[in-house]
Each structure stands twice: as C-alpha cells, then as structure tokens.
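Chemist: Got a predicted structure here, sequence first:
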Amino acid sequence: MESFEQLNLSKALSNAMGDLGYEKPTPIQEQAFPVILSGKNVVGISQTGTGKTLAYMLPILQAWKFSKERHPTVLIMVPTRELVIQVVEQVESFAKYQSTRVAGVYGGTNINTQALEIADGMDILVGTPGRLYDLVLARAVSLRSIKKLVIDEVDVMLDLGFRFQLTNIFELLPERRQNIMFSATMTEDVDELIKDFFYDPVHISTAVSGTRLENISQSMYAVPNFYTKANLLAHLLANNVDFSKVVVFMPSKKAADRLFERFQETFASEMGIIHSNKSQNNRIQAIERFNDGSNRILIATDVIARGLDLDKVTHVINFDTPPFPENYMHRIGRTGRAKEKGNSILFYTPKEEPARQAIEALMDYQIPERPMPEEVEQSEELTPEEQPRLPDHLEPHRVLDADLSGPAFHEKSAKNQKVNLGSAHKRKMKQKFKKPKTRGDKRQNRKKR
Ligand code: AMP
C-alpha cells in the first residue's frame, strides 16, 4: 500500500500520522486494519518493530466514538511496566487530535496513587494483568464496559506465568467483546489460550521475507531422539573455528536446562543459557558474555530470545523442529543479518517430520539433508517425555472411572467417560516386549523412588 489514504482514515488520524512522519502503513497494519475494524476476533503474529501497536490502534481509534462513559471501553494488557509506558505514549501520539483519554497502570508502584490517577476515568486503559486485577478489586476501575480487549506480547505474558492473572481478568469482562491478541511467536501455551477463550479468531501474520533467507545456508539432520541430538550437537560444536557464535534453540525451559546440564563437562566454560526462569541478572550476563565473545554458545528458548539483539551469529541450531513454522523463520533470522553469511541447522525426529514439512512448505524450499556423521554415537537413553508410558497399574493417579466402585466425586461428561482400552493395551504390550532397560529408564526410575 502506497499511503494511508487508501485506509480512509479519519481526519484526526491522518493528521496524527502526518505529524509522526509515517507515510504508509506497514504490512501488518495493512492486514490488520479491515479485520479489526470489522469487529472480528483477531490473532496477529508479529514481532516488535513491525508496527504492531499501530496495527491494532489504528482501527480501534478509527472506530472510536466519543463517550461519556467513565469506565474504559478499550483494555490493552501488556506484560511489563516498560511496555505500559511505551504503549500509553504511542497511543497518545496516535490519538493526538481525538478526545480519547488514555491511562496506564502497572505494578511496583503505590496502588493508591495509581487509583487516584485514574479516578477521573478514561477511554483506553493500558496495564499489566496483576495490577489491573488489584485495581478492579479495590473498585478503582470497572471493566464492565470493555468492548475491545487487546493482549499484546501474549507469548511473553504466558512465558512469565501470567495465565492465571489473564483468566481472572477474562472473568470480569463482558462476554460480548472483541478480542485482539498479538504475539511474536506462536507457542503451545498461546495456542491453548486461544482455543480456550477466543471464539473463531481470524489469524493474520506478517509475510515471511524471502530476501533475508538468501544469506542463510540451511541444512538438516534426521535424528532419532534428544540425547542423540545432543551427541550430534557436541560433534558439530567441537569445530570451534566455524562454529564460533552459536545460538541453540530449545523447545522448552526444561529441555534447555537438560541440555545445559548434559554439556556441563564438555562446554561449561564457553556456554550460556537464557530462558524466563532465569533471573534478570543471569539473563543480562548470558547475553553480554555471548555478545562480547566470552561465550561461544547460547542455549535459548524461543520466547526469551526473540527480543534479543544478537550480533554476528554464525550458526542457529534448531535442536527441535518448532511446531509453528513461523518460529523457525524467527529463529533463523538471528543469523545472516546485515549481509553477513549465516547458517541454520535443523534436527528433526520422526515425530517432528510433519512440522519439518510445514516449514519447508512455508518457505517453498527443501532444506538440504545431511547424513549423520559416523562418529556420532546413537543414544538409547530417553528423556522422561520420550519414555513409553507406564502401564496403568503403575500410574495410580490415573484412576479410570470404570475402575471406581461407587459414583465418581464429580460426574464427567459422557465423552470423557470413554476409556480407550486399545491404547492402554498397546502400552502394556509395549512395556512387556520392551528392549532391555536403557540408561534413561534407570535414571527415571531412580528419580521416582
Ligand atoms: P512496534 O512494532 O509497535 O513496536 O513499532 C515499531 C516502531 O515503528 C515504532 O517506533 C513506531 O513508532 C514505528 N512505526 C509504526 N508504524 C509505522 C509506520 N506506518 N511508518 C513508520 N514507522 C512506523
């Protein structure tokens, strides 16, 4: 789109765009505008820097009508205090020629002062979930008039453990409302939240740029399991000349910790780890040590790594195959920046094969496959997640309704009462005819005792 004119913006908005020096909408703004304006639920996948704040604010402000309502009609939830301040400032600049009143609330400051600040009422309320909830409980603000809910940086929000606070707030909102959600990455947690709360949303996302990919040489290996992946990675990392600045992407905090532990003996002095369970200090230190070259290897999860400005990364290793193909694009975009040549290596298990195909379909490119180097030892060890499930009698907490003599404490729906004997039977057979115990099994059993 060549200019904002094609969006038929109100005079107030187009003047504000002119003042800000914005000439035309960014791709996510162009996509989001008609959909959000139509009132549909929307899930936007877009990274910071793409203009996502304006992407949801432009249609909201375009549709906004003067109201005498004291309580807010638009609620924007963001994960951090810094973001509250930033979004409030941005919204104020976008709404410069409208009479829209904006306020921001966040934790870590005196709640009474904040309650006073918002006592006069506002149209748009921006806040972090915890403080917002406390203010509602203190009756400093009511959320009963909310017509549009925006949750920004949902992935970070959930990664920081805000799901409970979010659902608390959902319960205070009117059922008839528009839900708009923005996330930089699609994760299992985000997907679950959408399925649980958002009816039939329209998905929008910024087109994946193909030009950037030209700088990145991609390859992949078929690997049977976690610990064989670790062996292969160790083999690759042994070449510290070519692999001089490596980000290893892991599917979860747990997996990241597990790999970090496994590499303690081999790479401890040249490796850092970053995920949201690490303290702020630890995280800052890990990034500094990686950026200044004291650490050659950074183990990271998707959510935490996306905001980082990492320089001159030689290799991105995808230890897992991300189930949402966009995440692969975000990951590999960490290398090959600013015309540097970058490398991306993907590990995939048979289970991850469909995800790998989805990535290739998205890029319209077949990632060249490399044979497993002969020196790499195939591991028989399995992670707890990879273990076959125990037979039912060894999982006492998995009591099936059919096993209960009396009525269940709470009635389950007919659907949930069904017992899938087939797979339980299969599991039992598998257990019976299983290969000799692997080291992983023993570990697992030791832990259980
Ligand atoms: P965001 O992704 O919302 O963090 O925005 C990234 C930056 O892009 C912010 O500094 C915005 O002010 C700026 N921006 C947003 N929309 C536009 C636009 N259409 N043209 C130029 N800059 C923009």
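Modeler: Done, it's in.
Chemist: Poorly predicted segments of this protein, please.
Modeler: Low-confidence segments of the chain (pLDDT under 70): 207-212, 306-309, 338-339, 390-449.
Chemist: Mind splitting it into its structural domains?
Modeler: Using automatic domain parsing, the domain parsing of the chain gives 4-206, 216-363.
Chemist: Briefly note if the longest one comes near the ligand.
Modeler: Yes. Domain 4-206 is in contact with the ligand by CB under 6 Å from any ligand atom, via 22, 25-26, 29, 48-54. In this view, the C-beta of every residue, glycine as well, is placed from N, C-alpha and C.
Chemist: Of these, keep whichever come out buried.
Modeler: 22, 25-26, 29, 48, 50-54 (16 or more other CB atoms under 10 Å).
Chemist: could you dump the residues you listed to a markdown table with secondary structure?
Modeler: Output for these, formatted as a markdown table (DSSP: H, G, I helix; E, B strand; the rest coil):
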| residue | secondary structure |
| --- | --- |
| 22 | coil |
| 25 | coil |
| 26 | coil |
| 29 | helix |
| 48 | coil |
| 50 | coil |
| 51 | coil |
| 52 | helix |
| 53 | helix |
| 54 | helix |
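Chemist: Can you report phi and psi for residue 182?
Modeler: Dihedral angles of residue 182 (phi, psi; degrees, to the nearest 10) stand at phi -120, psi 140.
Chemist: any idea how far it lies from residue 191?
Modeler: 15 Å (CB to CB, to the nearest Å).
Chemist: Residues contacting the longest helix seen in the chain, please?
Modeler: Identified as the longest helix of the chain according to DSSP state H is helix 81-94. For helix 81-94, contacts defined as CB atoms under 8 Å, 6 or more residues apart in numbering pick out 13, 16, 19-20, 53-54, 57-58, 61, 76, 78, 100, 102-108, 124, 126-128, 152-153.
Chemist: can you rerun that using 7 Å?
Modeler: Helix 81-94 is contacted from outside by 16, 20, 53-54, 57, 61, 76, 78, 102, 104, 106-108, 124, 126-128, 153, using CB atoms under 7 Å, 6 or more residues apart in numbering.
Chemist: Give me the buried positions along that helix.
Modeler: 81, 83-84, 86-88, 90-91, 94.
Chemist: Using CSV, list the CA coordinates for that helix.
Modeler: Taking Å, rounded to 0.1, in the frame of the first residue of the first chain, the C-alpha atoms of helix 81-94 are listed here in CSV:
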residue,chain,number,x,y,z
ARG,A,81,5.7,-1.8,33.1
GLU,A,82,8.1,-0.5,30.4
LEU,A,83,5.6,-1.7,27.8
VAL,A,84,2.7,0.0,29.5
ILE,A,85,4.6,3.3,29.5
GLN,A,86,5.6,2.9,25.9
VAL,A,87,2.1,1.9,24.7
VAL,A,88,0.5,4.8,26.5
GLU,A,89,2.9,7.2,24.9
GLN,A,90,2.3,5.8,21.5
VAL,A,91,-1.5,5.8,21.8
GLU,A,92,-1.4,9.4,23.0
SER,A,93,0.6,10.3,19.9
PHE,A,94,-1.8,8.4,17.6
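Chemist: what number of residues lie near the nearest residue to residue 52 once chain neighbours are set aside?
Modeler: Distances taken as CB to CB, 6 or more residues apart in numbering put residue 46 closest to residue 52, at 4.4 Å, once the chain neighbours are dropped. Residues contacting residue 46 under the criterion other CB atoms under 10 Å number 25.
Chemist: Can we start the residue count at 3 from this point?
Modeler: All set: I'll call the first residue 3, so the last point we hit is now residue 48.
Chemist: Test my guess that residue 48 contacts residue 182.
Modeler: No. The criterion here is CB atoms under 7 Å, and residue 48 misses it with residue 182 at 11.8 Å.
Chemist: Now do the helices in the stretch 53-202 of the chain.
Modeler: Under the criterion DSSP state H, counting those that start in this stretch, helices of the stretch 53-202 of the chain are mapped to 54-65, 83-96, 113-119, 131-139, 156-161, 165-172, 190-199.
Chemist: Throw those into a markdown table and include distance to residue 272, thanks.
Modeler: Formatted as a markdown table, the helices of the stretch 53-202 of the chain follow (distance: least, CB to CB, whole Å):
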| stretch | distance to residue 272 |
| --- | --- |
| helix 54-65 | 36 |
| helix 83-96 | 32 |
| helix 113-119 | 46 |
| helix 131-139 | 38 |
| helix 156-161 | 26 |
| helix 165-172 | 35 |
| helix 190-199 | 31 |
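Chemist: one step back: pick out the most distant pair among the buried residues of helix 83-96.
Modeler: 83 and 96 (20.7 Å; CB to CB).
Chemist: Give the pairing partners of the helix or strand harbouring residue 300; include direction for each.
Modeler: In this assignment (DSSP states H and E), residue 300 forms part of strand 299-303. Strand 299-303 pairs in its sheet with strand 248-252 (parallel), strand 273-276 (parallel), by DSSP bridges.
Chemist: any idea how far the next helix or strand after the first one is from the chain center?
Modeler: Toward the C-terminal end, the helix or strand that comes next after strand 248-252 (DSSP H and E) is helix 255-264. Here helix 255-264 is found 19 Å from its chain centre; the criterion is CA atoms, centre = their mean, to the nearest Å.
Chemist: and the gap between residue 197 and residue 32?
Modeler: 27 Å.
Chemist: swap in residue 21?
Modeler: Applying CB to CB to residue 21 and residue 32 gives a distance of 20 Å.
Chemist: Of those two, give the one with the bigger neighbour count.
Modeler: residue 32 (19 against 12).
Chemist: Residues touching whichever helix or strand comes after the strand holding residue 300, excluding its own?
Modeler: Downstream of strand 299-303, the next assigned helix or strand under DSSP H and E is helix 304-307. Helix 304-307 is contacted by residues 157-158, 161, 187, 189, 249, 251, 276-278, 324, 329, 333 when judged by CB under 7 Å, 6+ apart.
Chemist: Could you do stretch 220-230 as well?
Modeler: Under CB under 7 Å, 6+ apart, the answer for stretch 220-230 is 231, 234, 346-351, 369-372, 374, 380-381, 383-385, 388.
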